[in-house]
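Visitor: What follows is a predicted structure for the sequence shown.
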Amino acid sequence: MHGKMESTGLIMLVIFLSVSICNCHGSVIVSKDGSGDYRTVGEAITNAPDMSEKPYTIHIRTGTYEEYVVIPAEKTNIKLIGDGPHHTKIVGYQNGSTIDIRGEGFMAQNMGFVNGAGLNASAAVAVRNEGNKSIFFQCSIEGFQDTLWAVSGRQFYKNCDIYGTVDFIYGDAAAVFQDCMVYARYREYVTFTAQSREDPNQKTGFTFQRCKFTMSPQDSHRKSEVHATLGRPWRPYSTVAILQSYIDSMVDPKGWEPMPHQPTDKLTYVEFGNIGPGSNTDARVDWPGVRLLQHPLQAAPFTASHLLDADSWIPSTGVPYHDGL
């Protein structure tokens with residue numbers, strides 16, 4: 001009888017330890033001073049579980065982490081939580097990507113992602129994202145040319161600040177940006193987007209809803225020196241919708257510009273309910289797909305609910321979003 005009680009106690013101890021280990025693996029801390037589980041973000045990603053069906057939370061404490069982070073395809077549902085976009089930053093300086101996301105279900109909150117390669121770099125990608133059902137919430141994404149490469153999949157950006165110069169939000173994802181600040185850094189000619197949809201049957205495109213297109217605070221005194229356009233087509237079926245947003249005065253009245261060697265008769269560039277000195281569409285380029293939408297029903301296909309099928313996956317993350325107009 002005594003031996004049976006000891007065996008039962010041993011089994012219970014093993015179960016307890018297993019549960020404790022499992023809970024520990026659900027959330028870890030990165031801290032540069034060694035007070036957390038890891039000193040670098042890369043280490044935490046390497047040791048995260050593969051093909052996780054639940055969020056695996058990595059809390060990254062205040063600090064500037066100079067490293068290049070890859071979220072491989074097998075690292076699903078990784079959640080990076082910082083102490084604020086100006087306090088917790090991942091910073092790179094090369095012609096590459098500061099963070100490269102491939103795993104589905106990725107989320108970043110209260111984080112800063114920076115590529116400081118500078119104006120002379122051919123690319124300064126802060127975020128390369130091909131993670132389906134990925135979310136950036138209350139983040140700052142800072143670069144120059146090619147800041148945010150939204151490669152593919154369904155992506156959602158909420159309450160984010162995005163800085164750049166040329167084609168600085170580009171790629172072929174289905175991406176919706178809500179309540180974001182889209183900041184042009186000083187350069188004589190600025191292009192906000194270069195969406196690259198190639199196939200008319202794809203359901204991809206960029207939507208900016210309740211966003212603000214303006215100069216970065218550091219460069220606001222040079223706004224009159226900048227000539228900006230809302231975008232240009234990286235591929236023939238390039239699709240961008242700007243809804244209920246503020247468009248500042250440095251945006252040229254023509255609104256959009258051509259890309260060398262790309263047609264302009266297949267793209268879709270629509271605007272709806274925008275305000276600000278750059279929102280007047282009377283002098284927009286005369287291309288078949290450039291339109292001012294007059295009715296909410298015309299804009300509905302570009303909302304998060306339609307473009308991202310957001311109602312099926314964003315609510316479970318707890319991130320707020322507008323499901324309509």
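Guide: Nice, thanks for sending it over.
Visitor: which residues does the nearest residue to Pro55 once chain neighbours are set aside contact?
Guide: Spatially, and ignoring its direct neighbours in sequence, Pro55 is nearest to Lys79 (4.5 Å; C-beta to C-beta, 6 or more residues apart in numbering). In this view, the C-beta of every residue, glycine as well, is placed from N, C-alpha and C. Lys79 makes contacts with 55-58, 106-109, as judged by C-beta atoms under 8 Å, 6 or more residues apart in numbering.
Visitor: pLDDT weak spots in the stretch 1-150 of the chain?
Guide: 1-25 (pLDDT under 70).
Visitor: if we go to 90?
Guide: 1-26, 94-96, 117-124 (pLDDT under 90).
Visitor: Tell me where it has helices.
Guide: Assigned by DSSP state H, counting those that start in this stretch, the stretch 1-150 of the chain shows helices spanning 2-25, 41-46.
Visitor: Show me which of the contacts of Lys79 are buried.
Guide: 55-58, 106-109 (16 or more other C-beta atoms under 10 Å).
Visitor: Make TSV out of those residues and add distance to Asp282.
Guide: Conversion of those to TSV gives the following (distance: C-beta to C-beta, whole Å):
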residue	distance to Asp282
Pro55	48
Tyr56	51
Thr57	49
Ile58	49
Phe106	41
Met107	41
Ala108	39
Gln109	40
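Visitor: of the residues you listed, closest to His221?
Guide: Ala108 (31.1 Å; C-beta to C-beta).
Visitor: Can you show me the strands along the stretch 201-325 of the chain?
Guide: 205-209, 212-215, 227-229, 239-243, 246-247, 268-272, 290-292 (DSSP state E, counting those that start in this stretch).
Visitor: in the third one, what counts as buried?
Guide: In this case it means strand 227-229. 228-229.
Visitor: I'd like the average pLDDT over stretch 159-175.
Guide: Stretch 159-175 comes out with an average pLDDT of 98.
Visitor: quick one: it to chain centroid distance?
Guide: 7 Å (C-alpha atoms, centre = their mean, to the nearest Å).
Visitor: do stretch 273-287 as well
Guide: Centre-to-centre, stretch 273-287 and its host chain are 25 Å apart (C-alpha atoms, centre = their mean).
Visitor: what's that stretch in contact with?
Guide: So stretch 273-287 is contacted by 213, 228, 242-257, 264-265, 267, 269, 271, 290, 292, 299, 325 (C-beta under 8 Å, 6+ apart).
Visitor: So among those, which ones count as buried?
Guide: Using 16+ other C-beta under 10 Å, the buried ones in these are 213, 228, 242-248, 250-252, 255-257, 264, 267, 269, 271, 290, 299, 325.
Visitor: Would you reformat the strands of the stretch 201-325 of the chain as a markdown table and include mean pLDDT?
Guide: Output for these, formatted as a markdown table (pLDDT from 0 to 100):
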| stretch | mean pLDDT |
| --- | --- |
| strand 205-209 | 99 |
| strand 212-215 | 98 |
| strand 227-229 | 98 |
| strand 239-243 | 98 |
| strand 246-247 | 98 |
| strand 268-272 | 98 |
| strand 290-292 | 98 |
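Visitor: now those strands in CSV, with distance to Tyr93?
Guide: What follows is the strands of the stretch 201-325 of the chain, written out as CSV (distance: least, C-beta to C-beta, whole Å):
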stretch, distance to Tyr93
strand 205-209, 27
strand 212-215, 24
strand 227-229, 26
strand 239-243, 30
strand 246-247, 32
strand 268-272, 34
strand 290-292, 38
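Visitor: just so I know, which of these lies nearest Phe136?
Guide: strand 205-209 (13.9 Å).
Visitor: Direction included, what does that closest one pair up with?
Guide: Strand pairing for strand 205-209, determined by DSSP bridges: strand 174-178 (parallel), strand 239-243 (parallel).
Visitor: Surely Pro211 is in contact with Ala241?
Guide: One correction, residue 211 is Cys, not Pro. No - counting by C-beta atoms under 8 Å, Cys211 stays clear of Ala241, with 11.0 Å between them.
Visitor: Give me the common contacts of the two.
Guide: Residues touching both Cys211 and Ala241 by C-beta under 8 Å, 6+ apart: none at all.
Visitor: about what we covered before: the residue nearest to Pro55 and Val151, how far apart?
Guide: Look at Lys79 and Val151: by C-beta to C-beta, to the nearest Å, they are 20 Å apart.
Visitor: and what of Phe168?
Guide: For Phe168, the distance to Val151 equals 15 Å [C-beta to C-beta].
Visitor: if we can go back for a sec, got the strands paired with strand 205-209 as TSV, with distance to Met51 columns?
Guide: Converted to TSV, the strands paired with strand 205-209 look like this (distance: least, C-beta to C-beta, whole Å):
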stretch	distance to Met51
strand 174-178	23
strand 239-243	32
